[in-house]
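Student: Predicted model follows, preceded by the sequence.
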Amino acid sequence: MLSWMQKHKKYLVVTIWVSTIAFVGAGFVGWGAYDLNSNRATSVAKVGHRNISVQELQQKYDRLYQYYNNVFEGKLTQEKAEELGLENAALQAAIQENLLLNFADDIGLSVNKDDVLKYIIVDPTFQKDGVFDKNLYYDVLRRARINPTDFEDNLKLTILLDKLRTILNLPASKEDIAMMEASFFMQDKLAVQIVSADQNEIKVDEKELKDLWEINKNNYMAKTLYGIDTYFVESEKSDANESVLKSYYNENQDKYKGSDDKIKPFNEVKAEVNKDYNIEQSKTNALEKYVAVKKAELATNGFISVNEDNATFSLDEIKGAKVGEVIKPFIYKDGYLIARVKSITPPQPMSFEQARANVLEIYKSKKEKEILTAKAKDTLQNFKGTDVGFVSREVNGSIAGLNESDTRAFVSQLFDTNNTKGYVILDDKAVVYDILEQRLLTNNINNNYKQITQQNVAMLKNNELIKDLTNKLLKYYEVKEYVKR
């Protein structure tokens, strides 16, 4: 735990007033429909007497995107961002921030030019050799395409929030720090006994299985089914001369890489090149057939029903099509397939027979947990555990009978309970434990860890304070949203 805290300490304090400049590669987000009346044309919401502009919301989104992109090591996609709900999170952060800004206004806090200047001149981004450089300041903003006036206006909001935070700041007391240290640096001397469940002990009751499906059947949905009328255009079968094939091979070498990512020699892939060349030569014919099918001058000659599970080609184009739409020819087997969407059947609940395998997996897992719980309770009554010595949150290695992953899962749950005796259910086993002794290692904590602990105590207290305050302010200041969530 401590090594994790030290490694990730720059991410530990995630607050709504992060840095003003965000160099993010996320595209501009469309914030839904909003009306064009009055100041709503440039605002997405109004909190008290403050408007939240589209630009302000975009900045919030960019900062969240940057944070999560760091968490995902630069691999955050737009689809993943949508799955995480970053748009809603950005709007919520903007609303919470403006609640606090309203409160700051009402208690008489303000920001002047001197405040802004003090913040700018101490920012290392705008310094040369440790001294503020005015030309560098304007150059950095120009390269970031940020207007200095906009930057300074945004900075005023940050400063106003900082002033409010300073007033509200709750320092970490000795008691708070001691409690946190007890949580992080406590060691338990344990006796443990591992209990397992045999798969043969699980008896399947078909009625219970069907009842489980009935309760959760909307969780077992068949995939969208597409009925497609097809016309297959077979590629030419001619053997092109070698010089033509070599020319095609040279232009498309990336298609002929091996598992080692090296391009295979021409002679090794000649047959494949010939096939690809023939398909390419058939493209014009396929497009002509496509136009004829689209104009109803040529009838389709096949039909298939496909979903994501059984499709032998990409459904990306078909997913975005409407019934009756004809899809442009795409490579399929040894030619091109022209497809007309005949029907689209939305996801439907599977029948019990269709869903049985999936339901059975959940059923067995549930029964296994019941068996493990019963065995663990019985073992606890007749406990004969093995002394494994002292264990801390920062456990390294494994406890006898558990692998490292299970050990970490067990220890994590162990230190979240107040029971000196009990059990922890893992995936396929239970760990029955008895805490024989406890000791606190505060004397062995280095100053770096103590500082991190103190910072985190203060962070937790102040985050809770801000959370409680914004909840109160929601009842005091009217919030109007002009966008659809």
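Tutor: That came in fine, so what should we check first? Residues are numbered from 1 along each chain as shown.
Student: Do I have it right that Phe185 meets Gln438?
Tutor: No - in this structure, Phe185 is not within contact of Gln438 by Cβ atoms under 8 Å, at 11.1 Å. Placement of C-beta: from N, CA and C, glycine included.
Student: Compare these two (neighbour count), which wins?
Tutor: Set side by side, Phe185 and Gln438 show more neighbours around Phe185, with 22 against 12, by other Cβ atoms under 10 Å.
Student: what's around Asp139, how many residues?
Tutor: Considering only other Cβ under 10 Å, Asp139 is surrounded by 12 other residues.
Student: Can I take it that it is in a helix?
Tutor: Yes - under DSSP: H, G, I helix; E, B strand; the rest coil, Asp139 sits within a helix.
Student: picking up where we left off before, intersection of neighbour lists for Phe185 and Gln438?
Tutor: Residues touching both Phe185 and Gln438 (Cβ atoms under 8 Å, 6 or more residues apart in numbering): there are none.
Student: which residue sits closest to the residue nearest the centre of the chain, ignoring its sequence neighbours?
Tutor: Against the mean C-alpha coordinate of the chain, by Cα atoms, centre = their mean, the closest residue is Leu84 at 4.8 Å. Using Cβ to Cβ, 6 or more residues apart in numbering and skipping the chain neighbours, the partner closest in space to Leu84 is Tyr68 (6.5 Å).
Student: show me the contacts for that neighbour.
Tutor: Shown in contact with Tyr68 (Cβ under 8 Å, 6+ apart): 76, 81, 84, 86.
Student: Need the per-residue pLDDT for it.
Tutor: pLDDT for Tyr68: 90.
Student: Helix or strand: which one has it?
Tutor: Tyr68 is located in helix 54-71, with elements delineated by DSSP states H and E.
Student: nearest to Lys60, of the contacts of Tyr68?
Tutor: The closest of these to Lys60 turns out to be Leu86 (Cβ to Cβ; 9.3 Å).
Student: was I right about the closest one contacting Leu64?
Tutor: Yes - contact status for Leu86 versus Leu64: in contact at 5.0 Å, counting by Cβ under 8 Å.
Student: could you dump stretch 103-110 to CSV, C-alpha only?
Tutor: Output in CSV follows, covering the C-alpha atoms of stretch 103-110 (Å, rounded to 0.1, in the frame of the first residue of the first chain):
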residue,chain,number,x,y,z
PHE,A,103,-20.6,30.8,-2.3
ALA,A,104,-17.3,32.6,-2.6
ASP,A,105,-19.0,35.6,-4.2
ASP,A,106,-21.6,35.7,-1.5
ILE,A,107,-19.2,35.7,1.4
GLY,A,108,-17.2,38.6,-0.2
LEU,A,109,-14.2,36.9,-1.7
SER,A,110,-12.8,38.4,-4.8
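Student: coming back round to it: what's the next secondary structure element after the helix holding Tyr68?
Tutor: Towards the C-terminus, the helix or strand next in line after helix 54-71, according to DSSP H and E, is helix 78-84.
Student: Report the rounded mean pLDDT for that next one.
Tutor: Across helix 78-84, the average pLDDT comes to 87.
Student: now stretch 248-263
Tutor: In this model, stretch 248-263 carries a mean pLDDT of 87.
Student: outside of it, which residues touch it?
Tutor: 240, 264, 266, 269, 272-273, 276-277, 280.
Student: can you rerun that using 7 Å?
Tutor: Applying Cβ atoms under 7 Å, 6 or more residues apart in numbering, the external contacts of stretch 248-263 come out as 264, 266, 269, 272-273, 276-277.
Student: and it, how far from the chain's centre?
Tutor: Between the centre of stretch 248-263 and the centre of its chain there are 35 Å (Cα atoms, centre = their mean, to the nearest Å).
Student: what comes up buried for that stretch?
Tutor: By neighbour count, and taking 16 or more other Cβ atoms under 10 Å as the criterion, the buried residues in stretch 248-263 are 248-249, 256.
Student: Between those, which sits nearest Ala299?
Tutor: Using Cβ to Cβ, Tyr248 is the member of the buried residues of stretch 248-263 that sits closest to Ala299, with 33.3 Å.
Student: Same list (the contacts of stretch 248-263) but as a markdown table, adding neighbour count and distance to Asn419.
Tutor: Written out in a markdown table, the entries for these read as follows (neighbours: other Cβ atoms under 10 Å; distance: Cβ to Cβ, whole Å):
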| residue | neighbour count | distance to Asn419 |
| --- | --- | --- |
| Lys264 | 16 | 63 |
| Phe266 | 15 | 71 |
| Val269 | 20 | 65 |
| Glu272 | 13 | 65 |
| Val273 | 22 | 69 |
| Asp276 | 19 | 66 |
| Tyr277 | 21 | 72 |
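Student: Tell me the one of those residues nearest Thr379?
Tutor: Checking those one by one against Thr379 (Cβ to Cβ), the nearest turns out to be Lys264, at 60.1 Å.
Student: Would you mind measuring from the nearest residue to the closest one once chain neighbours are set aside to Lys275?
Tutor: With sequence-adjacent residues excluded and distances taken as Cβ to Cβ, 6+ apart, Lys264 is closest to Tyr256, at 4.9 Å. As defined by Cβ to Cβ, to the nearest Å, Tyr256 lies at a distance of 12 Å from Lys275.
Student: so Lys342 sits in a strand?
Tutor: Yes - assessed by three-state DSSP, Lys342 belongs to a strand.
Student: For it, which residues are in contact?
Tutor: 227-229, 323.
Student: let's go with 6 Å and repeat that
Tutor: By Cβ atoms under 6 Å, 6 or more residues apart in numbering, Lys342 lies in contact with 227, 229.
Student: for the one 10 residues further on, same thing?
Tutor: Contacts for Phe352 (Cβ under 6 Å, 6+ apart) come out as 210, 213.
Student: Helix or strand: which one has Lys189?
Tutor: With secondary structure defined by DSSP H and E, Lys189 is part of strand 186-196.
Student: One more: Ile228?
Tutor: With DSSP H and E as the test, Ile228 turns up in strand 225-234.
Student: Pull up the pairing partners for that strand, direction included.
Tutor: In its sheet, strand 225-234 lies beside strand 302-306 (antiparallel), strand 335-345 (antiparallel), with partners assigned from DSSP bridges.
Student: Can I get those strands in a markdown table including distance to Phe103 and mean pLDDT?
Tutor: Converted to a markdown table, those look like this (distance: least, Cβ to Cβ, whole Å; pLDDT from 0 to 100):
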| stretch | distance to Phe103 | mean pLDDT |
| --- | --- | --- |
| strand 302-306 | 57 | 92 |
| strand 335-345 | 51 | 93 |
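Student: and of the buried residues of stretch 248-263, the nearest to Val47?
Tutor: When these are compared for distance to Val47 (Cβ to Cβ), Tyr256 comes out closest, at 59.2 Å.
Student: For the stretch 251-400 of the chain, just list every one of the strands.
Tutor: Assigned strands in the stretch 251-400 of the chain, in chain order: 302-306, 326-332, 335-345, 386-392 (criterion: DSSP state E, counting those that start in this stretch).
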